[in-house]
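# only geometry, no sequence info:
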């Protein structure tokens, strides 16, 4: 019985010593949606135009602009990967969040809403605005 519990101190089981990694070599970790977290493929150039003051990152118009940039990235991804249902679900969640923010902006600040709709090229989300009156009014105001 003692021979079964004895561990050899020499080479390993198959006659080799244990393989050691070279110092400084680490295993690669898989990141989910690395391109979004690293801000790759996202065009945030339009976001600065909606900031009301320096460092404005939480304003409604700024959030809508950031979500619109995310929507553009996800639609490009969905064109290349049609069967990626988890990304499709994420796109629907982003669109829903953007719609809620746009409805809030419409109720609170109509001129900012018109600016967002025109500059980002988003369809109006207001149910009573079926003839795109908000977009036409914003286009006339811009001219």
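Structure's in. What do you need? As the structure is a prediction and not an experimental result, all values here were calculated from the model.

# From here on, just use CA atoms for contacts and neighbour counts.
Noted.

# Quick check: what element follows the longest helix seen in the chain along the chain?
Looking across the chain with DSSP state H, the single longest helix is helix 85-108. Helices and strands here follow DSSP states H and E; after helix 85-108, the next one along the chain is helix 110-120.

# Quick check: which helices or strands does that next one pack against?
helix 60-80, helix 85-108, helix 133-142 (3 or more CA pairs under 8 Å, 6 or more residues apart in numbering; DSSP states H and E).

# Need the phi and psi values for residue 43.
phi -90, psi 100 (degrees, to the nearest 10).

# if we can go back for a sec, tell me the most buried of the helices and strands packed on helix 110-120?
Of those, the one with the most neighbours on average (mean count of other CA atoms under 10 Å) is helix 60-80, at a mean of 19.

# Which strands or helices does it pack on?
So helix 60-80, by 3+ CA pairs under 8 Å, 6+ apart, packs with helix 85-108, helix 110-120.

# who's in contact with the last one?
Spelled out, it's helix 110-120. Contacts to helix 110-120, defined as CA atoms under 8 Å, 6 or more residues apart in numbering, come from residues 50, 61, 64-65, 68, 102, 105-106, 122-124, 134-135, 137-139.

# quick one: average pLDDT of stretch 67-82?
Across stretch 67-82, the average pLDDT comes to 92.

# do the same with stretch 110-124
Mean predicted confidence for stretch 110-124 is 90.

# got the buried residues for that stretch?
112, 113, 114, 115, 116, 117, 118, 124 (16 or more other CA atoms under 10 Å).
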